[in-house]
Each structure stands twice: as C-alpha cells, then as structure tokens.
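Peer 1: need coordinates for the following:
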Amino acid sequence: MTNRRLATLFVIAGAIVVALYYYFSTRPLERVILLPQADGTPSAVVVQSRSGATTVLDRPYSVAELTKRGIGVEQTDATNVRTRYQELFDAFPARPRSYSLYFETGGTKLTPESEKQLQIVLGVLRELKDLPASELIVIGHADDVGTDALNDELSRRRAGSIAIMLKSEGIDTARVSIVGRGSRDPLVPVRKGAAEGRNRRVEIRLK
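Peer 2: Sure thing, here's the model as predicted:
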C-alpha cells in the first residue's frame with residue numbers, strides 16, 4: 001500500500017470518527033414535549049440535563065431535546081406530535097378534564113369571564129355525546145364569608161344552577177352528580193371570614 005493511499009485511508013477514518021462523534025453527541029438521548037392542558041390553562045415544565053443545564057418549556061408543543069452536548073429547544077405543533085406519536089396517543093386512557101367557573105359574591109351569577117368559559121365547556125360537552133352521564137360531576141364551592149350552613153346551601157345552589165344551564169343547552173344531566181362543598185375546599189386559603197373570588201366557584205369534572 002502506497003503512502004498516498006494510507007494517508008487517504010487515515011483521512012477517511014478520521015472523517016468517520018468525527019461524523020460518529022457528532023452523531024452520537026447530538027442525537028437526542030431524551031425528548032420532552034409539553035402538551036397543552038385539557039382545559040386550556042397555562043402550564044410549564046422545567047427540563048434538566050444530567051450535566052445540570054436547565055430550560056423551561058412554557059408554550060404548548062415546545063420540545064426539549066437532551067443530548068450529550070446540552071439541551072436544544074424547538075417548537076412543533078399538534079399535527080406533527082399526533083402523527084409521530086399516534087400509537088402512544090391511542091394507548092393513553094382518556095384524560096380527566098376539569099373546568100372552573102367563578103361567581104359574583106353571595107349568589108349564583110357567573111362573572112363575565114366565566115360566562116365566556118361556560119361556552120367553551122358547552123362546546124366540549126357537545127363533542128362528547130358518548131360520554132356516560134355518570135362521569136360528569138358538578139361541584140359547588142363558596143368563600144368563607146358567612147356561616148357554614150349558608151355556604152353549604154349556597155355551594156349546592158351554585159352547582160345546581162350550572163346543571164340547569166347545561167340542561168337548557170341540550171346536555172343530558174339526568175345522571176349528573178351535583179355536590180356542594182361549602183367553604184371546606186378553598187382554592188386559595190384565606191383567614192376566617194375573608195372574601196376571595198377564586199373560592200366562589202363551581203368545578204365541572206369529566207372523567
């Protein structure tokens with residue numbers, strides 16, 4: 001073998017080594033994709049590599065790829081994720097969904113923001129016509145203003161008012177569970193007797 005051929009082989013071998021190193025150092029060891037919440041509320045996840053590098057995914061369908069060289073971040077979309085991981089999505093159990101509607105103080109009148117959110121909930125329920133009614137639960141809550149007896153009754157009225165709204169929009173509520181929790185399960189803990197709008201709510205749970 002001539003020196004020229006030997007040198008050529010060394011160059012080729014070196015190129016192969018470099019290519020393999022680059023491939024294995026940049027090939028994702030792990031891939032993290034942030035999926036959107038079922039109810040559309042914001043979410044985020046902190047991704048940390050073995051070397052301690054971190055990044056935050058806070059947009060739906062943002063992707064972090066962990067390689068030996070660090071963390072790469074990119075943005076994808078629902079279509080690409082669904083196409084690539086269709087078998088995984090098919091194997092997933094149905095995701096529980098929960099929606100919260102908030103009320104003006106002392107009664108069963110929804111806040112303007114929750115009036116809009118109610119339309120989203122109705123759209124979801126209309127699409128899930130095959131959902132068994134027993135999997136729909138409406139849970140009423142009150143803030144800590146007033147006595148326990150009054151708050152228990154108010155929370156039941158709030159849950160009942162939402163069930164009536166759902167029925168008026170054509171949703172089958174014959175077997176829907178209606179629960180009143182009073183002020184016992186606050187979303188935001190406060191001192192006794194304090195008003196808190198986020199605790200005046202109804203949860204609509206789909207399982």
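
Peer 1: so what does residue 110 have for phi and psi?
Peer 2: The phi/psi pair for residue 110 (degrees, to the nearest 10) reads phi -70, psi 150.

Peer 1: how many neighbouring residues does it have?
Peer 2: Residue 110 has 22 neighbouring residues, counting by other CB atoms under 10 Å. Just so you know, the C-beta spots here come from the backbone N, C-alpha and C atoms, and that holds for glycine as well.

Peer 1: okay but it is in contact with residue 119, surely?
Peer 2: No: at 11.1 Å, residue 110 does not count as touching residue 119 under the criterion of CB atoms under 8 Å.

Peer 1: could you find the closest non-adjacent residue to the spatially most central residue of the chain?
Peer 2: The C-alpha lying nearest the average C-alpha coordinate of the chain belongs to residue 37 (CA atoms, centre = their mean; 1.9 Å). Excluding the flanking residues, the one nearest residue 37 by CB to CB, 6 or more residues apart in numbering is residue 43, at 5.2 Å.

Peer 1: same check on residue 33?
Peer 2: residue 63 (5.1 Å).

Peer 1: let me know the pLDDT of that neighbour.
Peer 2: On pLDDT, residue 63 comes in at 88.

Peer 1: distance of it from residue 57?
Peer 2: Distance, residue 63 to residue 57, using CB to CB, to the nearest Å: 8 Å.

Peer 1: quick check: neighbours shared by these two?
Peer 2: 32, 34, 73 (CB atoms under 8 Å, 6 or more residues apart in numbering).

Peer 1: ok, of the residues you listed, which one's closest to residue 146?
Peer 2: Using CB to CB, residue 34 is the member of these that sits closest to residue 146, with 40.7 Å.

Peer 1: nearest residue to the closest one in space, please, no chain neighbours.
Peer 2: Nearest non-adjacent residue to residue 34, counting by CB to CB, 6+ apart: residue 57, 4.2 Å away.

Peer 1: in the protein, where is pLDDT below threshold?
Peer 2: Applying pLDDT under 70 to the chain flags residues 1-28, 38-41, 92-96, 129-134.

Peer 1: kindly check the end-to-end length of stretch 85-97 for me.
Peer 2: Stretch 85-97 has an end-to-end distance of 21 Å (CA to CA, to the nearest Å).

Peer 1: same deal with stretch 58-67?
Peer 2: By CA to CA, the extent of stretch 58-67 from end to end equals 20 Å.

Peer 1: what comes up buried for that stretch?
Peer 2: Of the residues in stretch 58-67, 60, 61, 62, 63, 64, 65, 66 count as buried by neighbour count, 16 or more other CB atoms under 10 Å.

Peer 1: next one: stretch 104-118
Peer 2: Using 16+ other CB under 10 Å as the test for burial, stretch 104-118 gives 108, 110, 114, 117, 118.

Peer 1: quick check: end-to-end length of that stretch?
Peer 2: Terminal residues of stretch 104-118 lie 15 Å apart, using CA to CA.
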